[in-house]
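Asks: structure of the sequence below:
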Amino acid sequence: MISVIYHNPDCGTSRNTLEIMRQSGEEPHIIEYLKTPPTRAKLCELIKAMGIAPRDLLRRKGTPYDDLGLGDETLDDDALIDAMIAHPILINRPIVVTERGTRLCRPSEQVLALLPHPVTSFTKEDGQVVNLDPAG
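Replies: Residues are numbered from 1 along each chain as shown. Purely as a prediction, here's the structure:
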């Protein structure tokens, strides 16, 4: 299975996650989800695979979240998924899929649990050195 990252190249967390994957020997299939958004079926599949609620995948910062009233707790899952399909910027990132599972990798170190040969140390693009515990 080829690993996949739903990636936004403008996002530092997404870039760091991709670099951790590459330094760990993975060359994932990169889907720039703002250019090629997932279908509704694919988004539902990813949410189910991550074992999270659609609300847990919503991104607030830099999105129309507030303008669309998505903080309204009475909105059901279908309404939230519809909003993410209509406005892919609402989908938090990066989402990584490997043979070991599917995960929203925030922070970027979350990707380690999905990699067969994870690095043990990584320098983020802001210069922060992170000693990574693959068991973690």
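Asks: mind checking the SS state of the nearest residue to Cys11 once chain neighbours are set aside?
Replies: What sits nearest to Cys11 in space, not counting adjacent residues and going by CB to CB, 6 or more residues apart in numbering, is Arg93, at 5.9 Å. Placement of C-beta: from N, CA and C, glycine included. Classification of Arg93 using DSSP: H, G, I helix; E, B strand; the rest coil returns coil.
Asks: contacting residues for Arg93?
Replies: By CB atoms under 8 Å, 6 or more residues apart in numbering, the contact list for Arg93 reads Tyr6, His7, Asn8, Cys11, Thr13, Ser14, Tyr33, Arg59, Leu104, Arg106.
Asks: can you read off the pLDDT for the fifth one?
Replies: To tie it back to what came earlier, the one meant is Thr13. On pLDDT, Thr13 comes in at 95.
Asks: surely it meets Cys105?
Replies: Yes - counting by CB atoms under 8 Å, Cys105 is a contact partner of Thr13 at 7.3 Å.
Asks: now for these two: what residues contact both?
Replies: Contact with both Thr13 and Cys105 is made by residues Pro94, according to CB under 8 Å, 6+ apart.
Asks: follow-up on the earlier one: any chance of a markdown table for the contacts of Arg93, columns distance to Asn131, secondary structure and neighbour count?
Replies: As requested, these are exported to a markdown table (distance: CB to CB, whole Å; DSSP: H, G, I helix; E, B strand; the rest coil; neighbours: other CB atoms under 10 Å):
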| residue | distance to Asn131 | secondary structure | neighbour count |
| --- | --- | --- | --- |
| Tyr6 | 27 | strand | 29 |
| His7 | 25 | strand | 22 |
| Asn8 | 26 | coil | 21 |
| Cys11 | 23 | coil | 19 |
| Thr13 | 18 | helix | 19 |
| Ser14 | 21 | helix | 25 |
| Tyr33 | 30 | coil | 21 |
| Arg59 | 28 | coil | 18 |
| Leu104 | 22 | strand | 18 |
| Arg106 | 19 | coil | 16 |
